[in-house]
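Student: Just need the structure, nothing else, for what follows:
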Amino acid sequence: MRVEISRALAELAKLDLSTYPYKDAKRLIGQLGRFGCIKVTLHEGKTIMRARPNFDAERFTLTSQLSYKPQSLNRTYQRASTPNKTMFYASTIPETVQAGELDNTRIIGAFEALPWLRDKTTKGYQKITYGQWLVKQDINLIAIVQHENFYNESSYTRELAEMFKKYTNAYPNLKDETIAIADFFAREFAKAETNHDYDYLLSATFTEIVTDKGLDGILYPSVRLGGKGFNVAICPEIADSNLDLLSAGECSIYKLNDHTVVDNETLIKLKPNQTIFNYNLVEPQYHAGEAECLRHLGVKSILELTD
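Tutor: Down below sits the predicted model:
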């Protein structure tokens, strides 16, 4: 591996992220030069899911409210976005899912939007809105999947890892540095304990750089689900042109320790390019109701979940 590559990675690892060293991170990532990566494509007709919690009885009736955060409100680092560049986040599952593997994008979205769902000692109630988005034109993404902790969680992860291995073997002159770079950023994307937005500075800056070079976004395992699902971060201009909101629905989530109940409340199917909508109540057979959800958890009042 070239000395300049190992030196740049070592300096990136030593950065004090609490000082928000964005310029230094960008400079050092730029010094990595060319390296290999796996490209995956969300093909036309694919659907992805985006979740947004409802707070203080708010409701989302505009397509834009279920899309990416407006750049004017984008002030922090997230896993794949910097304050300089907002991104469209959503959850996805592979085209082929093996028996026993997660096949529900709503679960991924809920765990990403509501981190307390992972904690088996918590209780709570939360309304959440889902938006199902249709890919109208192919979207090309870089796959970040090489972290060893996720290998056993999805056959798709193993498939992509095998593709990456074959790729590096085909280019021996770039193999060592490509693996080193991929491993470094796989660790950054796999960070589970993040108490500050600067914990995401390196993965976010990496995403900003690769998307500025023409890629549409990033695909990476869902850390909140231990790699059992996948998330995508897509450039806003690509989201505007290549995605269309297909449907939206509101759900209620009831949780008591390690028991969670999700109840469907409303649903609306949109017409192409529709930007304003109102929800319809779901059919009775798809709606349990608050009393039944509380009974299932063994509590008598929602106050027992929210006090």
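
Student: any weak-confidence spans in the protein?
Tutor: Low-confidence regions of the chain, defined by pLDDT under 70, span residues 1, 146-149.

Student: if you set the cut-off to 80 instead, what comes out?
Tutor: The chain contains residues with pLDDT under 80 at 1-2, 34-36, 101-102, 145-153, 193, 226.

Student: Centre-most residue in it?
Tutor: residue 231 (3.2 Å; CA atoms, centre = their mean).

Student: Relative to the strand or helix carrying it, what are the paired strands and their orientations?
Tutor: Using DSSP states H and E, residue 231 maps to strand 230-234. Looking at strand 230-234 with DSSP bridges, its partner strands are strand 88-92 (antiparallel), strand 217-221 (antiparallel).

Student: For residue 251, which of these is the nearest?
Tutor: strand 88-92 (14.4 Å; CB to CB). Every C-beta, even on glycine, is put in place using the N, C-alpha and C of the backbone.

Student: so after the closest one, what's the next helix or strand?
Tutor: Taking DSSP H and E, what comes next after strand 88-92 is helix 105-113.

Student: The following helix or strand past that following helix: how far from the chain's middle?
Tutor: The helix or strand immediately downstream of helix 105-113 is strand 123-135, counting by DSSP H and E. Centroid separation for strand 123-135 versus its chain: 13 Å, with CA atoms, centre = their mean, to the nearest Å.

Student: Can you tell me the strand partners of strand 123-135 and which way each runs?
Tutor: Using DSSP bridges, strand 123-135 pairs in its sheet with strand 47-54 (antiparallel), strand 243-256 (antiparallel).

Student: That strand vs helix 105-113, what angle?
Tutor: Calculated by axes from the mean of the first three to the mean of the last three CA atoms, to 10 degrees, strand 123-135 forms an angle of 120 degrees with helix 105-113.

Student: Quick check: next helix or strand after strand 123-135?
Tutor: Downstream of strand 123-135 (by DSSP H and E), the next one is strand 139-143.

Student: number of nearby residues for the closest residue to residue 2 other than its chain neighbours?
Tutor: Distance criterion CB to CB, 6 or more residues apart in numbering; nearest residue to residue 2, sequence neighbours excluded, is residue 177 at 6.1 Å. Applying other CB atoms under 10 Å, we find 22 residues neighbouring residue 177.

Student: how close does residue 177 sit to residue 33?
Tutor: For residue 177, the distance to residue 33 equals 8 Å [CB to CB, to the nearest Å].

Student: so what's in contact with the two at the same time?
Tutor: residue 5 (CB atoms under 8 Å, 6 or more residues apart in numbering).

Student: For residue 145, give its distance to residue 227.
Tutor: Residue 145 is 9 Å from residue 227, by CB to CB.

Student: higher neighbour count, the two?
Tutor: A direct count of neighbours by other CB under 10 Å for residue 145 and residue 227 places residue 145 higher, at 27 against 21.

Student: The more buried one against residue 38, yeah?
Tutor: Yes. With contact defined as CB atoms under 8 Å, residue 145 reaches residue 38; the gap is 7.5 Å.

Student: Name the residues contacting each of the two.
Tutor: Common neighbours of residue 145 and residue 38 (CB under 8 Å, 6+ apart) are 160, 164.

Student: how far does stretch 97-114 sit from the chain's center?
Tutor: 11 Å.

Student: what about the residue nearest to residue 37 when sequence neighbours are not counted, neighbour count?
Tutor: Spatial nearest neighbour of residue 37, excluding adjacent residues (CB to CB, 6+ apart): residue 142 at 5.0 Å. Other residues lying near residue 142 total 20 when counted by other CB under 10 Å.

Student: Return the residues in contact with residue 142.
Tutor: So residue 142 contacts 37, 38, 39, 40, 210, 215, 217, 218, 219 (CB under 8 Å, 6+ apart).

Student: Separate out the buried members of these.
Tutor: Among the contacts of residue 142, those buried by neighbour count (16 or more other CB atoms under 10 Å) are 37, 38, 40, 210, 215, 217, 218, 219.

Student: is it true that residue 15 touches residue 25?
Tutor: Yes. With contact defined as CB under 8 Å, residue 15 counts as touching residue 25 (6.3 Å).

Student: Which residues are in contact with each of the two?
Tutor: In contact with both residue 15 and residue 25: residue 202, using CB under 8 Å, 6+ apart.

Student: These two - which one has more neighbours?
Tutor: Using other CB under 10 Å, the more surrounded residue of residue 15 and residue 25 is residue 25, with 22 against 17.

Student: Report the secondary structure element holding the more buried one.
Tutor: Per DSSP H and E: helix 22-30 holds residue 25.
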